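Chemist: From the sequence below, what's the structure:
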Amino acid sequence: MDIENAAVVQEITIPAPIEKVWAFLLDEQKMKRWLNANAFVIDVYGGGKIEIPLSFAGEACLVEGEFGLVIPYQKLAFTWLERDAYGERWFNNTMVTISLAENGAETKVTLVHDGFKYLPVGVRTAVYQKYQAFWEESSLLLHLQSLILEK
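Modeler: Predicted structure coming up:
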């Protein structure tokens, strides 16, 4: 595997206008429901903080990050720095970017988690594989779609 270019990429087309999808992504309570995280903190603006307690494959961790890019109705990106149950942190962060593209009355949502090449050599591949499984097995984009389309 070419870890230098490794990225987890997930896409879904949601039958909803881009304004509705964007509004969802900016709403802290809705984001908590999406990520199943009650103690979620999010300030969506450049430099705003994000903290998400996650549990996956029997491991609990706290994801900490900072929004570095917010382009209304197009894209938001934040750093992703994991702190495990023992308080240990990665040496470097990765990046999650959520992009939106309008397609008539639908919205294409693309999630990219990358930057694994910046992690210490001994853990790069394992961490990439962990998050590849996390994004795929958790079906978060399908869950996002179901919440956005909820009446």
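Chemist: centroid residue for the chain?
Modeler: With distances taken as Cα atoms, centre = their mean, residue 96 lies nearest the centre of the chain, 5.1 Å away.
Chemist: distance between the biggest helix by length in the chain and the chain's centre?
Modeler: In the chain, ranked by residue count with DSSP state H as the criterion, the top helix is helix 124-137. Distance, stretch centre to chain centre, for helix 124-137: 13 Å (Cα atoms, centre = their mean, to the nearest Å).
Chemist: Counting by contacts, list what whatever helix or strand comes next after that helix packs against.
Modeler: Next helix or strand after helix 124-137 toward the C-terminus (DSSP states H and E): helix 140-148. If you count contacts as 3 or more Cβ pairs under 8 Å, 6 or more residues apart in numbering; DSSP states H and E, helix 140-148 packs onto strand 7-14, helix 18-25, helix 28-35, strand 106-114. C-beta: built from backbone N, CA, C; applies to glycine.
Chemist: just to revisit the earlier point, what's the residue nearest to the centre of the chain in contact with, if anything?
Modeler: For residue 96, the contact set (Cβ atoms under 8 Å, 6 or more residues apart in numbering) comprises 65, 77-80, 111-113.
Chemist: likewise residue 22?
Modeler: 72-73, 100.
Chemist: residue ranges with poor pLDDT in this protein?
Modeler: Low-confidence segments of the chain, defined by pLDDT under 70: 1, 37-40, 44-46, 85-87, 90-91.
Chemist: what's the single longest strand in it?
Modeler: When the chain is parsed with DSSP state E, its longest strand is strand 59-71.
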